[in-house]
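# 3D, please:
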Amino acid sequence: MGDSPLMVEYHDKEWGVPLHDDRTLFEFLVLEGAQAGLSWQTVLNKRENYRKAFHAFEPSKIARYNNKDVQRLLRDPGIIRNRLKIQATINNAKQFLEIRKEFDSFDKYIWAVCGRQTNQA
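Numbering: from 1, shown residues only. The predicted structure follows:
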């Protein structure tokens, strides 16, 4: 069984490509959490739904989500409706904003962790 065109495009144009945009880094963090225990194909098939459901992955909006938002997300068939994953996304948004406040950007923080290199030899 071959890879789907969506998986091939994701692999060739996104996975492992150096990235410095905070919003996209947060998007990848959310999708990575949603993927736990599932296939990437499942998550990628729902990616656009995630963008709509989670305010285009804007952490400042997601950090303010309340129980009403959690209930809305639990009813959304376009995303993975797992309460713990939804709550983790909200918590991650809050922590993301704290890191951004301390380091000026999430990008600066995450790239400092890896020594500003994509491959540690």
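
# longest helix anywhere in the chain?
Longest helix in the chain, counting residues (DSSP state H): helix 83-103.

# That one: what's the following helix or strand?
Using DSSP states H and E, the helix or strand that follows helix 83-103 in sequence is helix 106-113.

# Which secondary structure elements does that next one sit against?
In terms of contact count using 3 or more CB pairs under 8 Å, 6 or more residues apart in numbering; DSSP states H and E, helix 106-113 is assigned the packing partners helix 22-35, helix 83-103. Yep, even glycine has a C-beta here, placed from its N, CA and C like the rest.

# Can you lay out the ones you listed as CSV showing distance to residue 110, mean neighbour count and mean pLDDT?
Putting the helices and strands packed on helix 106-113 into CSV (distance: least, CB to CB, whole Å; neighbours: other CB atoms under 10 Å; pLDDT from 0 to 100) gives the following:
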stretch, distance to residue 110, mean neighbour count, mean pLDDT
helix 22-35, 7, 18, 95
helix 83-103, 8, 16, 98
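
# In JSON lines: the ones you listed, plus distance to residue 76.
Formatted as JSON lines, these follow (distance: least, CB to CB, whole Å):
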{"stretch": "helix 22-35", "distance to residue 76": "12"}
{"stretch": "helix 83-103", "distance to residue 76": "9"}
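
# which residues touch residue 59?
By CB atoms under 8 Å, 6 or more residues apart in numbering, residue 59 lies in contact with 23, 26, 93, 96-97, 100.

# which one among those residues gets closest to residue 69?
For the contacts of residue 59, the closest approach to residue 69 (CB to CB) belongs to residue 93, at 11.2 Å.

# List the contacts of that closest one.
26, 59-60, 62-63, 65.

# So of the contacts of residue 59, which two are at opposite extremes in space?
Taking CB to CB as the measure, the contacts of residue 59 span a maximum distance of 12.1 Å, between 23 and 97.

# who does the helix or strand bottoming out on mean pLDDT in the chain touch, helix- and strand-wise?
Taking mean pLDDT, DSSP states H and E as the measure, the helices and strands of the chain show their lowest mean at helix 5-13, namely a mean of 84. If you count contacts as 3+ CB pairs under 8 Å, 6+ apart, helix 5-13 packs onto helix 40-45.
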